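Engineer: sequence first, predicted model second:
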Amino acid sequence: MTNKILVTGGYGYIGSHTVIALQEQGFECIVLDNLINSDLSVGRRIERVSGKKHLFYNVDIGDRAALMDVFAKEGPISTVIHFAAFKSVNESVLDPVKYFDNNVLGLINVIKACEVHGADLVFSSSCTVYGTALDMPVKENAPTHSQESPYGATKAVAETLIHHAVVNREFRATSLRYFNPVGAHESGLIGEVQISKSVNLLPIIVDVALGKRTILEIFGDNYPTDDGSCIRDFIHVCDVAEAHVAAVKHMKSQDVNYYDIFNIGCGRGTSVLEMVSSFELINKVNVRRRIVGRRAGDVGIVWADVSKSKMILNWEATRSLEVIVKTAWDFAVGMDKWADKK
Amino acid sequence: MVKIFVAGHKGMVGSAICRQLTSIGDEIVTATHKELDLTSQSQVVSFFSENKIDQVYLAAAKVGGINANSTYPADFIYQNLMIQSNVIDSAYRTGVKKLMFLGSSCIYPKFASQPMNETSLLSGLLEPTNEPYAIAKIAGIKMCESYNVQFGTDYRCVMPTNLYGLGDNFHPENSHVVPALIRRFHEARYTSQSSVVVWGSGTVKREFLHVDDMARACCFVMNHPKDSYSKVVKPTLSHVNVGLGEDVSITELATLIAKVVGFTGDIIFDTSKPDGPPRKLLDISLIKAMGWNPRIDLHEGLKSTYAWFIENSTLRD
């Protein structure tokens, strides 16, 4: 069996950390990316961090022929980890067809390639599929809702597609439902590159601390939580990356037609205010904030039940909130200096 | 920091581009012919896939004089088409956003009106002796333009006039006119010959640009902002001439080289030898309008070229 893993969207936020985690475990990586939300310097920084080479192809996942060409050229690929997708909930509301086109059609192309070449599949899903689930912590068997945003719908449809596709086909698949991946690689070289202004909490905190934005708006202080702010399951991106390695390894011992779904969170809720205060405390910076009204569509409390991932994948998140805020800040400061030098 | 691949870094133009880029501080990648055969598609795509390159200067080509072009036309068209197709396509496949393709003024029709403007491309028949080479270069321009149109890349093309300077080929038989004359005048001076024979009537006029000016122009065009670039060129007429903007007769050139070398004997023109077209001058108003001007005049350029020849001639023979 080969050690070759094809990583689509491998220069994205979670993809780039996963490439490093795979290389650390002796896997050989081939990265596909269309570079719309990243650039080639990510590839060079991955190589600096891991000390290992990888191959890169500028392929849009919508281009089935180009994807098939890579399989033909690179020979047996054991697993495809499919990250390449659009990820903005807001944008998906404005242009749902674009999201279905890229996220669903892209997956269909990947599945076609997996079928033909017998490659296993790890799919990037999201806790968004749970919608406004009521029972916390949320388990994998909770009902999924595809009606809340087009983005979430693409992920729910994708999971359904994989579920049906593995039947009678010579490959195996795993979906990983990420909660809230945050932080950056401890090297300071890899992290979440902001091409456009993020609407996520930690990137905004970082921007306010750097003086790129004036103030952090906290949406709502009257949720039924200790400090009144929302609670999320923030998980360090390197923990997320390691979950993929665990999923790749686990699948190899399973029969063909295998398909399973795992929550990838740290299994613990952190409130928005808690995140801001630890960021200030650990990094010794000030983050100006003000409380504003609740944001439409926000769920008050979400965190993952990770017992299934622990038991079956033999994986769990190990990095603390301190590590999360420190690495996020180190990476942002480093990138800022780097941008000045350019 | 940007990572730049200079294809053909050992050639006269490629090495000048490397000198130019080093002075800016970008990271340069090169590969010798032994390490990378640019005519091999699989080697080239693997090279790009491994190296994560941001920009390419494509200065690699099979080049030669009239004699080589007419003896090995298949080599000229095959190798040049392969090199540029492999490099341009692999660049696109591995995310290279910017590429500079170097052409040649021989892409213009034999009877193009002088000075030759960019718009005279494909308006008439080519000079037959180097037609296969010129066809390959024209294909390179059209390939860049087609990739830009279909894939949104930013691949640009420059067409230099006759170049001379550091790193030129001073071979006694198959070198171009400037290095050939430098060598002949130099040898005449140091073997105390009373005269030097120059082929042709000496009346035809040619344009010569120093290779350091050419390298500077390549980097200038490559880094010209995209919005203003797209205002001065059209998607399917995008190549940019690079020249000195003025030409000299072969008599003037020979006289100047004799002066630089210190040869004081007679210059004899052998009118039984062919002259070629009476004039070949590029219209460089486009690149001038973009803000670039040559800096090295012919006299100054010949002096530094001769100094380089003196230092390096024994090594290269």
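Structural biologist: It's in.
Engineer: CA atoms for contacts and neighbours, from now on please.
Structural biologist: Will do.
Engineer: the chain: strands as residue ranges?
Structural biologist: All of this is about chain A. A:4-8, A:28-33, A:55-58, A:79-82, A:120-126, A:173-178, A:180-182, A:216-219, A:231-232, A:234-236, A:259-264, A:270-271, A:289-292 (DSSP state E).
Engineer: right idea, wrong chain: chain B
Structural biologist: B:3-7, B:27-29, B:55-58, B:98-102, B:154-160, B:162-164, B:195-199, B:205-206, B:208-210, B:240-242, B:248-249, B:266-270, B:279-280.
Engineer: looking at those strands, spot the one closest to chain A.
Structural biologist: Between chain A and the strands of chain B, the shortest separation by Cα to the nearest Cα is 8.5 Å, and it involves strand B:3-7.
Engineer: show me which residues of the stretch 1-150 of chain B sit near chain A.
Structural biologist: B:1, B:46, B:49-50, B:52-54, B:92-95 (Cα under 8 Å from any Cα of the partner chain).
Engineer: let's see which of these end up in helices.
Structural biologist: B:46, B:49-50, B:92-93 (DSSP state H).
Engineer: and residue B:184, what pLDDT?
Structural biologist: Note for residue B:184: predicted pLDDT of 94.
Engineer: and for it, the neighbour number?
Structural biologist: By other Cα atoms under 10 Å in any protein chain shown, the residues close to residue B:184 number 19.
Engineer: what's the distance between residue B:231 and chain A?
Structural biologist: As for residue B:231, its distance to chain A is 25 Å (criterion: Cα to the nearest Cα, to the nearest Å).
Engineer: got the contact list for that residue?
Structural biologist: Taking Cα atoms under 8 Å, 6 or more residues apart in numbering or on different chains, we find residue B:231 in contact with no residue.
Engineer: any stretches of chain B with poor pLDDT?
Structural biologist: B:314-317 (pLDDT under 70).
Engineer: how about the helices of it, start to end?
Structural biologist: Per DSSP H, chain B carries helices over the ranges B:12-24, B:41-51, B:66-71, B:73-93, B:131-151, B:177-190, B:211-223, B:226-232, B:250-261, B:285-290, B:298-316.
Engineer: buried residues, the third one. List them.
Structural biologist: Taking 16 or more other Cα atoms under 10 Å in any protein chain shown as the neighbour-count basis, helix B:66-71 is seen to contain the buried residues B:69-70.
Engineer: ok, now the fourth one?
Structural biologist: Burial within helix B:73-93, assessed by neighbour count using 16+ other Cα under 10 Å, is assigned to B:75-77, B:79-93.
Engineer: show me what from chain A comes close to chain B.
Structural biologist: Checking chain A against chain B by Cα under 8 Å from any Cα, the hits are A:34-35, A:40-41, A:43-44, A:53-59, A:342.
Engineer: reformat the residues you listed as TSV; add neighbour count and distance to residue B:251.
Structural biologist: Formatted as TSV, those follow (neighbours: other Cα atoms under 10 Å in any protein chain shown; distance: Cα to Cα, whole Å):
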residue	neighbour count	distance to residue B:251
A:34	22	56
A:35	19	55
A:40	22	52
A:41	16	52
A:43	24	55
A:44	18	54
A:53	17	57
A:54	18	57
A:55	20	55
A:56	27	54
A:57	27	54
A:58	21	53
A:59	23	56
A:342	7	49
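Engineer: report the two of these separated the most.
Structural biologist: The largest separation in the residues of chain A next to chain B, counting by Cα to Cα, is between A:59 and A:342 at 27.0 Å.
Engineer: what about chain A, any weak spots by pLDDT?
Structural biologist: Low-confidence segments of chain A (pLDDT under 70): A:1, A:195, A:338-342.
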